[in-house]
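Q: Okay, predicted coordinates and the sequence, questions at the end:
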Amino acid sequence: MAEPTKIRAQLTTSGPTGASNGVPTGSPNSALVRILMNHDMETGLRSDASGKTIPARFIQTVAIRHLEKTVMTLHFGPAISKNPFFQFTLRNARAGEKISVQWTDNRGETRSDEAIIA
Amino acid sequence: MPSRREALSSSARLATLLSLAGLMPSLALSREGAYGAAFEAHSLAELTRALGVQAPIESREMLLQAPDMAENGSAVQLTASTTAGGIKRLLLLVEKNPNLLAALIELSDAVEPSVTTRVKMQQSSRVFAVGLTLDGRCLFAQKEVKVTLGGCAA
């Protein structure tokens, strides 16, 4: 069973009070989203101690949703590092809104996790 | 002279035999549509052909942030971004990896056209950030990254 994906989404343009830069609390802002997926990302090019090839196993697609709408779709090859890290900036984000990340690997295993924008 | 029907069925039989013999790519590993071929590409020309886009043009509107030197090739952080309008997809490529394409990201209006991730690098190589527009334009930026310890074993 795959371990959970760590997701952190933080508003970038307003302070903790929401009004430090003159932006009223609750108005849309940008949010910096950082994602850390838990996956071995085997390339299929490595061998184990006995010389047997370790079969490829890597995340192929990642769907990122904000308010139930897909905002970004990632397609990975096996060259993405173990425990993939991904960072982007979401527009029109508000504190309290939900962001979800669902990955699927080349064996069909899938995992979905969510976080609340802070 | 075999009929079309016979020819088709014998080629299907051959494909089955080849896949049983392990000579055809396993279905479990296949990827849908054009991206399957894109992830198999070994050169920029093969990649643009697989994606059906125009010849790549080096552009100052594409930005690539990468270290000059990476001590550990198993996790090299790359950032691709663009100031050009209308970029719908961002790609990260490592020239000297077994397969060129590391990641392909489909953007939307809800996100900034800037992404950061970490890739494995087998050896010192040029890396590319590529941006594709809806009308098939292909812009890129490149940078040489020196790798002290290859990430093949990671």
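A: Good, I have the coordinates.

Q: backbone phi and psi for the residue of chain A most remote from its centre, please?
A: The outermost residue of chain A, judged against the average C-alpha position, is A:Ser50 (35.0 Å), by Cα atoms, centre = their mean. For A:Ser50, the backbone dihedrals (degrees, to the nearest 10) come out as phi -90, psi 0.

Q: which one is B:Ser108 nearest to, not counting chain neighbours?
A: Counting by Cβ to Cβ, 6 or more residues apart in numbering or on different chains, B:Ser108 lies nearest to A:Val71, which is 5.2 Å off, once chain neighbours are set aside. For glycine as for every other residue, the C-beta is placed from the backbone atoms N, C-alpha and C.

Q: right, and that neighbour touches A:Asn92 too?
A: No - if you go by Cβ atoms under 8 Å, A:Val71 and A:Asn92 don't touch, sitting 9.7 Å apart.

Q: Those two: who's more crowded?
A: A:Val71 (22 against 16; other Cβ atoms under 10 Å in any protein chain shown).

Q: Relative to the strand or helix carrying that one, what are the paired strands and their orientations?
A: When secondary structure is defined by DSSP states H and E, A:Val71 falls within strand A:69-76. Partners of strand A:69-76 in the sheet, by DSSP bridges, are strand A:59-66 (antiparallel), strand B:101-106 (antiparallel).

Q: Report the secondary structure state of B:Glu46.
A: Assigned with DSSP: H, G, I helix; E, B strand; the rest coil, B:Glu46 falls in the helix class.

Q: for B:Gln142, same thing?
A: strand.

Q: from memory it sits against B:Ser125, does it?
A: No - counting by Cβ under 8 Å, B:Gln142 stays clear of B:Ser125, with 10.3 Å between them.

Q: out of those two, which sits in the busier spot?
A: Neighbours were counted for B:Gln142 and for B:Ser125 using other Cβ under 10 Å; B:Ser125 has more, 19 against 16.

Q: pretty sure the more buried one contacts B:Leu100?
A: No - assessed by Cβ under 8 Å, B:Ser125 is found out of contact with B:Leu100, at 10.1 Å.

Q: Give me the common contacts of those two.
A: B:Val94 (Cβ atoms under 8 Å, 6 or more residues apart in numbering or on different chains).

Q: ok, which stretches of chain B are helices?
A: B:4-20, B:33-40, B:44-51 (DSSP state H).

Q: can you check chain A too?
A: Going by DSSP H, chain A shows no helices.

Q: Which positions in chain A make contact with chain B?
A: A:30, A:43, A:45-46, A:56, A:60, A:66, A:69-82, A:84-92, A:106-108 (Cβ under 8 Å from any Cβ of the partner chain).

Q: Filter these down to the buried ones and express that as a ChimeraX selection.
A: Selection command for ChimeraX covering only the buried members of those, criterion 16 or more other Cβ atoms under 10 Å in any protein chain shown:
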select /A:30,43,56,60,66,71,72,73,74,75,76,77,78,79,80,81,82,84,85,86,87,88,89,90,92,106
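
Q: Can you show me the strands along chain B?
A: B:57-58, B:62-65, B:69-72, B:76-82, B:87-94, B:101-106, B:111-119, B:125-133, B:138-149 (DSSP state E).

Q: Mean pLDDT and distance to A:Pro4 for those strands - can I get that in a markdown table?
A: As requested, the strands of chain B are arranged in a markdown table below (pLDDT from 0 to 100; distance: least, Cβ to Cβ, whole Å):
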| stretch | mean pLDDT | distance to A:Pro4 |
| --- | --- | --- |
| strand B:57-58 | 96 | 41 |
| strand B:62-65 | 98 | 29 |
| strand B:69-72 | 92 | 25 |
| strand B:76-82 | 97 | 22 |
| strand B:87-94 | 97 | 25 |
| strand B:101-106 | 97 | 22 |
| strand B:111-119 | 97 | 19 |
| strand B:125-133 | 97 | 30 |
| strand B:138-149 | 94 | 30 |
